[in-house]
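1. turn this into a model:
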Amino acid sequence: MKINESLIALALFLAYQAALLPCVAQQDDLEHLLAEIKGKAPNYEKLVQLYKLRSYAPGMNGTEAVKEAVAAGLLFLEKSAVYQKKIAPELAERTKFESELMASCTLCRGSGKQTIDCHKCDGDGRCTNGRCQSGTIRVPRVDGPSQSRRCPICKGNSRCPNCRGSERVGKRCGRCQGRGGKLSLDRANGLYLSRIQVALDSLAAEHAKQAQAVAAAKTRASSRPRQTGWARVPLHSSAPMATHDDYLAAASADGRPLRGREVDAIWDDALRGAMARIGTLVDEEQVMDDLLQDLR
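-> Next up, the predicted model:
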């Protein structure tokens, strides 16, 4: 009896797929959760569930999208402590992510700094040494007239050493605490919703990729020379095995006649009798969908 090589290849392919996707159920849970929360405002309980399923998103883009969705949702809910402790260290591009959430500060216009009058010279820009006259001071002598020397404060340039004569100095913006902006809840919500969609798109792309791979395997299997015989030999204990019900459902009276030697199907005592009674050949390609289902 001959073993169909196409089935061996198909079984190995599906086994490989199963090894790559050991957590299909969790990925389905992730997809259902994303579909449930799509278009809705963040909810803390749902964010916790989403965080636990983050590693089941396909690819780097899908995983990062889920993590950024959780991060944006937490910040929208003003749970910055949880964000800082749990999510922020995991983000691949944390600085870029946080910058997308910031609305420019209206006081410092995004610079993170503001200018004020110099507190050393009271905003006039001149040397703070009261004895300085155009960068020099007079030093009295005991045995003679005073001498003119360079001012030790301004080093002879007569300008305030703190503001360097500009009259103003910069300091960290008190409104945004030097960050150049403040968290925008609208931006956080918008980023949350967009990352949910990115994660869903990555899952859809993964499903399409898997469907194409299965279709290609079926095409390769159907293009091989057809094998004939009375029964199918099991490849291993979990391989698909035709039953008499499978045969009767697929056989037709005008099919090609059976050829080859009769054998007993140890997995189904009625199969040999059914084949002898009908007498026509059923190619494995005719029941390919059933075999694929059995292999999953």
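
2. can you pull out the helices in the stretch 101-250 of the chain?
-> Listed from the start of the chain, the stretch 101-250 of the chain has helices (DSSP state H, counting those that start in this stretch) covering 185-223, 244-250.

3. so which bits of the longest one are buried?
-> Yep, that's helix 185-223 we're talking about. Residues 187-189, 191-193, 195-196, 198-200, 202-203, 206, 214, 217-218, 221 are the ones in helix 185-223 that count as buried (16 or more other C-beta atoms under 10 Å). C-beta here means a position set from N, CA and C on the backbone, and glycine is covered the same way.

4. where does this structure have low pLDDT?
-> Along the chain, the parts satisfying pLDDT under 70 run over 1-23, 218, 220-242, 253, 283-296.

5. show me it divided up by domain.
-> 5-106+182-220, 113-172, 228-295 (automatic domain parsing).

6. could you tell me the end-to-end distance of the second one?
-> The reference is to domain 113-172. This stretch, domain 113-172, spans 5 Å end to end (C-alpha to C-alpha, to the nearest Å).

7. doesn't residue 91 make contact with residue 71?
-> Yes: taking C-beta atoms under 8 Å as the definition, residue 71 is a contact partner of residue 91 at 6.5 Å.

8. overlap in contacts, these two.
-> Counting by C-beta atoms under 8 Å, 6 or more residues apart in numbering, the residues touching both residue 71 and residue 91 are residue 97.

9. more crowded one of those two?
-> residue 71 (27 against 17; other C-beta atoms under 10 Å).

10. in contact with the nearest residue to the more buried one once chain neighbours are set aside, which residues are there?
-> Spatial nearest neighbour of residue 71, chain neighbours left out: residue 87 (4.4 Å); criterion: C-beta to C-beta, 6 or more residues apart in numbering. For residue 87, the contacting residues are 51, 67, 70-71, 74, taking C-beta under 8 Å, 6+ apart as the criterion.

11. tell me the two of those residues that are most distant?
-> Spanning the widest gap among those are 67 and 74, at 10.8 Å by C-beta to C-beta.

12. how about the strands in the chain?
-> Assigned by DSSP state E, the strands in the chain fall at 102-104, 113-117, 136-139, 147-150, 168-172, 181-183.
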